[in-house]
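In: dropping a prediction and its sequence here:
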Amino acid sequence: MNWGVITRNVGIALICNAVFMFLSAGVAALDGFDTSFSPLILGAVITLMVGLFPLIFTKRAKDINTREGLAILLFSWVLSCLFAMIPYVLWGGEFTLVNAWFESASGITTTGATILEDIEALPKGLLFWRSSTHYIGGLGVVVFIMMILPTFGTVRFKMSKMDVDEISKSNYRYKSDTFIKVVVTVYLGITVASFLLLMLAGMSPFDAINHALSVTATGGFSTKNASIAAFGSVWIEIILMFFMIVASLHFGLIYASIAGRNLKVLKNPVTKFYLSTILIASVLVSLNLLFQGTFDSADDALRNGFFAVISTISTTGFGIADTNLWPVFSILVLLYASIQCGCSGSTTSGLRSDRVWLLFKAAKAQLVKIAHPNAVISVKTGGQTIDRDMLSSVTIYVLLYLFITFIMALVYSVFGVDMLSSVGASVSMMSNVGPCFGDICSASGSFSAAPAFVKFLMGLQMIVGRLGIYTILLTFVLYRRRA
């Protein structure tokens, strides 16, 4: 492998992180040079220097191979998480070394879980940095690299193919430079629109920009201890529900719908399946909350049921109630939503609705094949026939996802974590959802009670979930073959 090419491009990713640290330091300066100013400035300088070093001493490459591209992807995410720790560690407070690792990994991977007991005790500069890590991770470190690469050649093409889910590629029928335009345009559009509407709904400009960064990345970091419940506004909840759904849809289809002035995104079978899942799950949870007496009125049950389901399945993780106290049926529905999650080509993680949709289609085709052995049965979605390799890939991915999630739940239980927390946390970390259920985590709580080593492992699991199982496995397989 050409390590010069790898370190140069990883350096660009670190420079992007440094830029947002400087922006956060600017927020701290505007807030009267609060206590986060020095940690942010020092963190930005360190990150910038490390990022610039390989750019100065290594030559620019016109091409990269698959092995190098995967290495850039992996190291960009891991090092971004490590360098994002610096402002937290230097500021102190609740941020021990392992807590800073957990918080930075949660931010960069857009998980949204936190170890903080008192979020509102953080200065504004550090609050903005937390939200910025979501924004960096949501758009993708690799997309930031591609935005400033000096060539539109094969480097951009290969990097774009590695950072976009395999299932979503058929909907991204663009050249690499157009692909960047599509993703960035939709990403910025959601950010600006949500920011303006949240301000109109009553949020302060600071709260609005932080929550806009978070909802666009489907992250979940809030500036308030009680998350969205602190604002006590139905309009804010409605606005966030809308943008949580939008941010979890296929960006390519959103762009095509806006550019073509049509409803292409709503005509897509995967989108229909995803929205139907939201509707059915939300109604089921709402009825369960109402009949179990969790809420007295149908309005409150519907509001809380829809918000919790949308927040969970979009992997955003905002909360307006402590779902830990809800009936078992509602918790199980939310647990399923944490596994399925949003659509490929968005900022969500998990299995993604595309895979679940194809799995159901394949199961139906197999049943028909059993009933009619001589029939030629094909699986189609959106008018396209899905080949057997894709179906095998989907099936294996689902099995690997469930296997890794189960193994990590077992590991967490070894360190004294209760069963519900072990399973809930493992699903949450693997799908980058954030909140979960049990004694150590909930929608209105933090992971501060988790053992230190468990928090370290959770950070690693967040990265695996964000990058995707195949990306991690392929990186090591290619490395071993080379060795």
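Out: That came through fine. Residues are numbered from 1 along each chain as shown.
In: relative to residue 277, how far out is residue 285?
Out: Using Cβ to Cβ, to the nearest Å, one obtains 12 Å as the distance from residue 285 to residue 277. Any C-beta I mention is one placed from the backbone N, CA and C, and that applies to glycine too.
In: neighbour count winner among these two?
Out: residue 285 (30 against 20; other Cβ atoms under 10 Å).
In: which stretch of helix or strand covers the more buried one?
Out: Secondary structure from DSSP states H and E places residue 285 in helix 269-291.
In: which helices and strands does that helix pack with?
Out: helix 264-267, helix 298-313, helix 328-340, helix 353-371 (3 or more Cβ pairs under 8 Å, 6 or more residues apart in numbering; DSSP states H and E).
In: looking at those helices, which is nearest to residue 54?
Out: Among the helices and strands packed on helix 269-291, the nearest to residue 54 by Cβ to Cβ is helix 353-371 (36.2 Å).
In: and the closest one, what's buried?
Out: 353-359, 361-362, 365 (16 or more other Cβ atoms under 10 Å).
In: do stretch 29-42 as well
Out: Buried positions in stretch 29-42, judged by neighbour count with 16+ other Cβ under 10 Å: 31, 34, 36-41.
In: quick one: which of the residues you listed is nearest to residue 331?
Out: After measuring the buried residues of stretch 29-42 against residue 331 - Cβ to Cβ - the closest member comes out as residue 36, at 36.4 Å.
In: now do the contacts for the closest one.
Out: The neighbours of residue 36, taking Cβ atoms under 8 Å, 6 or more residues apart in numbering as the test, are 24-25, 28, 87, 91, 122-126, 129.
In: with residue 202 instead?
Out: 231, 233, 235-236.
In: please tell me how far it sits from residue 415.
Out: For residue 202, the distance to residue 415 - Cβ to Cβ - is 43 Å.
In: now swap in residue 373 and tell me
Out: Applying Cβ to Cβ to residue 373 and residue 415 gives a distance of 50 Å.
In: when these two are compared, which one has more neighbours?
Out: For residue 373 versus residue 415, neighbours defined as other Cβ under 10 Å are more numerous around residue 415 (13 against 6).
In: the more buried one contacts residue 451, doesn't it?
Out: Yes. Here residue 415 reaches residue 451: they are 4.8 Å apart, a contact under Cβ atoms under 8 Å.
In: give me the domain ranges for the chain.
Out: Domain assignment for the chain by automatic domain parsing gives 1-163, 270-340.
In: between the ones you listed, which gets the lowest average pLDDT?
Out: Of all the domains of the chain, domain 1-163 carries the lowest average pLDDT, namely a mean of 85.
In: how far does stretch 7-20 sit from the chain's center?
Out: How far stretch 7-20 lies from its chain's middle: 20 Å, per Cα atoms, centre = their mean, to the nearest Å.
In: could I have the CA atoms of that stretch written out in PDB?
Out: Coordinates of each C-alpha in stretch 7-20 appear next as PDB, following Å, rounded to 0.1, in the frame of the first residue of the first chain:
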ATOM      1  CA  THR A   7      -1.700   9.700   5.300                       C
ATOM      2  CA  ARG A   8      -2.200  12.600   2.900                       C
ATOM      3  CA  ASN A   9      -5.900  12.000   2.500                       C
ATOM      4  CA  VAL A  10      -6.400  11.200   6.200                       C
ATOM      5  CA  GLY A  11      -4.600  14.500   6.900                       C
ATOM      6  CA  ILE A  12      -7.300  16.300   4.800                       C
ATOM      7  CA  ALA A  13     -10.000  14.700   7.000                       C
ATOM      8  CA  LEU A  14      -8.200  16.000  10.100                       C
ATOM      9  CA  ILE A  15      -8.000  19.500   8.700                       C
ATOM     10  CA  CYS A  16     -11.800  19.400   8.200                       C
ATOM     11  CA  ASN A  17     -12.100  18.500  11.900                       C
ATOM     12  CA  ALA A  18      -9.800  21.400  12.800                       C
ATOM     13  CA  VAL A  19     -11.900  23.900  10.800                       C
ATOM     14  CA  PHE A  20     -14.900  23.000  12.900                       C
END
